[in-house]
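> No sequence on hand, only this structure:
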């Protein structure tokens, strides 16, 4: 449901920008084409600090290690098999 609302908002915003561009550039086809082209294919932003796959994986390995260390002294959980509880 939230995705649909977000999609509608995005389409409304895009339509509004397109109509505005058409109105602003109505006498200049070159400017209109450039504006519409930029809307359809925005320039790529080069990230200066791109993470490698290894860097990305390390974040999760470190996170799991930190959780394990913080719960090492905790008592083992009590797991009740399905169907045996709440009858």
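That came through fine. From a predicted model like this one, the values you see are computed outputs, not experimental measurements. Numbers count the residues shown, from 1 in each chain.
> which intervals of the protein have sub-threshold pLDDT?
Along the chain, segments meeting pLDDT under 70 span 43, 45-49, 84-87.
> Roughly how far does residue 16 sit from residue 35?
Separation of residue 16 from residue 35 (C-beta to C-beta, to the nearest Å): 13 Å. Backbone N, C-alpha and C define where each C-beta goes, glycine included.
> Which one of those two is surrounded by more residues?
residue 35 (18 against 10; other C-beta atoms under 10 Å).
> Which strands or helices does the strand or helix carrying the more buried one pack on?
For residue 35, the element it lies in under DSSP states H and E is helix 29-40. Contacts defined by 3 or more C-beta pairs under 8 Å, 6 or more residues apart in numbering; DSSP states H and E place helix 29-40 against helix 2-24.
> who touches the helix it packs on?
31, 32, 35, 36, 39 (C-beta atoms under 8 Å, 6 or more residues apart in numbering).
> Report the angle between it and helix 29-40.
Counting by axes from the mean of the first three to the mean of the last three C-alpha atoms, to 10 degrees, helix 2-24 lies at 170 degrees to helix 29-40.
> List the buried residues in stretch 32-51.
Going by neighbour count (16 or more other C-beta atoms under 10 Å), the buried part of stretch 32-51 is 32, 35.
> Residue 22 and residue 72, how far apart?
Residue 22 is 63 Å from residue 72, by C-beta to C-beta.
> whoops, residue 18 was the one
Counting by C-beta to C-beta, the separation of residue 18 from residue 72 is 57 Å.
> These two: which has the busier surroundings?
More neighbours surround residue 18 than the other of residue 18 and residue 72, with 14 against 7 (other C-beta under 10 Å).
> coming back round to it: got CSV for the contacts of helix 2-24, with distance to residue 65 too?
As requested, the contacts of helix 2-24 are exported to CSV (distance: C-beta to C-beta, whole Å):
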residue, distance to residue 65
31, 55
32, 55
35, 50
36, 50
39, 45
